[in-house]
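[1] just the structure for this:
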Amino acid sequence: MQVDAKSKELLYDGFSREGRGRAQYLRERHQREPGDKFTYPVVSSWEYGWKISDEMDSYGRPKHARTSTMKDSFYTRNGVPSIPSSD
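    Below you'll find the model as predicted:
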């Protein structure tokens, strides 16, 4: 599990108390996907979906999907107050 040079520089730049150094390094590493941080799955549960971003690029939006069916049938009949926002 090799860490790139840019991330390693963050580790030694300043003090964690000031939000730099180790704290900044951990924030930066937290933002990255596990596939970018590690060369292989560390635990067996990571094998599900490992490198899924590579596969998701080949899938697009379905041509004949009926998205309003879910909206009309689920949200109104089951008392869910509103459609969740994509924010």
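[2] tell me how far Asp57 lies from Ser45.
    Using CB to CB, to the nearest Å, one obtains 24 Å as the distance from Asp57 to Ser45. C-beta coordinates here come from the backbone N, C-alpha and C atoms, glycine included.
[3] can you find the helix or strand in the chain with the smallest mean pLDDT?
    Least confident helix or strand of the chain, by mean pLDDT, DSSP states H and E, is helix 67-77 with a mean of 60.
[4] what about Gly14, neighbour count?
    14 (other CB atoms under 10 Å).
[5] and it, what element?
    Using DSSP states H and E, Gly14 sits within no helix or strand.
[6] how close does it get to Arg29?
    16 Å.
[7] with Glu55 instead?
    24 Å.
[8] so the two - more neighbours on which side?
    Arg29 (14 against 9).
[9] who's in contact with Arg20?
    Shown in contact with Arg20 (CB atoms under 8 Å, 6 or more residues apart in numbering): Leu10, Asp13, Gly14.
[10] take the residues you listed and write them to CSV, including distance to Phe38 and pLDDT.
    Converted to CSV, the contacts of Arg20 look like this (distance: CB to CB, whole Å; pLDDT from 0 to 100):
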residue, distance to Phe38, pLDDT
Leu10, 18, 83
Asp13, 23, 85
Gly14, 26, 86
